[in-house]
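Colleague: sequence and computational prediction follow.
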Amino acid sequence: MLETRDLTKIFQVGNVSIRAVDGVSLTVAAGEFVAIVGPSGSGKTTLISCLGCITRPTSGEIIIDGERIDYKKEGNLARIRRNKMGFIFQTFNLIPFLSALENVIITLQNVGVKGNTAKRRAQELLDSVGLLERQNHLPSQLSGGEQQRVSIARALAGDPKIILADEPTANLDTDRGKEIMVMLESLCREGGKTLICVTHDQRMVERVDRVLKMVDGRLA
């Protein structure tokens, strides 16, 4: 489902070149649940940002679902993000003045689902994460765990093949974090999604199929 070959990302800070990702080659199978771990500053978030077509690599190749994408123009990258990927962030990234329902609807609209069809689909997605009764609440009226569940519903809106999660349990208490971990695992085991998760949470690491450890921009 996803492959990189000698992937490198260099940031220039003044006269200093920082190799945030340094020659990473990896393969992730369809339906696999993979954790990326490592100390802060090891390049985990930069790597997942490159995989998600958000950050353009300096060199190397990225192949997603059989399509090489690292050289594509931004319009094509936006298409790949929209049609093949879902994103879950530790800070939730919900639009604060939109309800839970509207946060999911706007994502559906971005993939071409409109009107009442978008509303019904958004309600189905919120129901699947146990939040249908909270659909009209603003993010500020939801707990951290509830906001993360909305972000999962939003990530599923385009029926993506790949879900990228960056520290999805970092801002949650123990019970809510466990709830999110179980939900993410079920997306792989029952939903057939490919899930790549950056995490420091040992409980999450214990649930995955494979662990990739990064140190100084490289896979250790």
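Modeller: Perfect, I can see it now. Being a predicted model, the structure only gives us computed values, none of them experimental.

Colleague: when you work out contacts or count neighbours from here on, use the C-alpha atoms and nothing else.
Modeller: OK.

Colleague: just the strands in this structure please.
Modeller: Assigned by DSSP state E, the chain shows strands spanning 2-13, 16-28, 33-37, 59-64, 67-68, 85-89, 162-166, 194-198, 210-215, 218-219.

Colleague: beta partners of the most centrally placed residue in the chain?
Modeller: Closest to where the C-alpha atoms of the chain average out (Cα atoms, centre = their mean) is L164, at 2.3 Å. When bridges are called by DSSP bridges, L164 pairs up with F87, I196.

Colleague: and it, how close does it get to I69?
Modeller: Distance of L164 to I69, given as Cα to Cα, to the nearest Å: 16 Å.

Colleague: go ahead and confirm K9 touches T58.
Modeller: Yes - contact status for K9 versus T58: in contact at 4.7 Å, counting by Cα atoms under 8 Å.

Colleague: comparing those two, which residue is more hemmed in?
Modeller: K9 (22 against 16; other Cα atoms under 10 Å).

Colleague: the spatially closest residue to R19 that is not a sequence neighbour - how many residues pack around it?
Modeller: In space, and not counting its chain neighbours, R19 is closest to I10: 4.4 Å by Cα to Cα, 6 or more residues apart in numbering. As a burial measure, I10 scores 16 neighbours (other Cα under 10 Å).

Colleague: out of the strands of the chain, the one nearest N103 is which?
Modeller: Comparing those against N103 with Cα to Cα, the closest turns out to be strand 85-89 (13.4 Å).

Colleague: what is the rounded mean pLDDT of that closest one?
Modeller: For strand 85-89, the mean pLDDT works out to 91.

Colleague: re the thing from before, residues contacting the residue nearest to the centre of the chain?
Modeller: I48, G52, M85, G86, F87, I88, L195, I196, C197 (Cα atoms under 8 Å, 6 or more residues apart in numbering).
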